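Chemist: The sequence isn't on hand, but the structure is:
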């Protein structure tokens, strides 16, 4: 893997240029799957070499205060082998996270990941 695609848990906590620290919860910021500034193209290249079910979460380019969940899926499920989902950060008093189109909301990204990966 090229050096610029290495996953580092420290990269997420030190990159405030994209405003990630004020958007993501403290419990999730150091998770290895949280790569806020990794470009979509790098995410796709990285996941293409991973096992089905591998995933990364990054800041969305198309939706402010949203995240993009990218998952390695079987090719019969998606011709590219990578599926992308939008995670919305609610702005209300609960400030939770939920997948676009789903009502269930979670207090942290980590709890959302745990719920859908078990």
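Modeler: Received it, and whenever you're ready, just let me know what you need. Here the structure is a predicted model, which is why all the values come from computation and not from measurement. Residues are numbered from 1 along each chain as shown.

Chemist: and the next element down the chain from the helix or strand bottoming out on mean pLDDT in the chain?
Modeler: One helix or strand of the chain scores below all others by mean pLDDT, DSSP states H and E: helix 9-14, with a mean of 40. Remark: after helix 9-14, the chain's next helix or strand is helix 40-48, criterion DSSP states H and E.

Chemist: where's that following helix relative to the chain centroid, distance-wise?
Modeler: Centre-to-centre, helix 40-48 and its host chain are 12 Å apart (C-alpha atoms, centre = their mean, to the nearest Å).

Chemist: Pull the contacting residues for residue 47.
Modeler: By C-beta atoms under 8 Å, 6 or more residues apart in numbering, residue 47 lies in contact with 54, 55, 56, 70, 71, 72, 81, 82. From N, CA and C alone the C-beta is placed, and that goes for glycine too.

Chemist: In space, what's closest to it - neighbours in sequence excluded?
Modeler: Closest residue in space to residue 47, ignoring its immediate chain neighbours: residue 72 at 4.5 Å, by C-beta to C-beta, 6 or more residues apart in numbering.

Chemist: Against residue 65, how distant is that neighbour?
Modeler: To residue 65, residue 72 is 26 Å away according to C-beta to C-beta, to the nearest Å.

Chemist: ok, now residue 103?
Modeler: Distance of residue 103 to residue 65, given as C-beta to C-beta: 19 Å.
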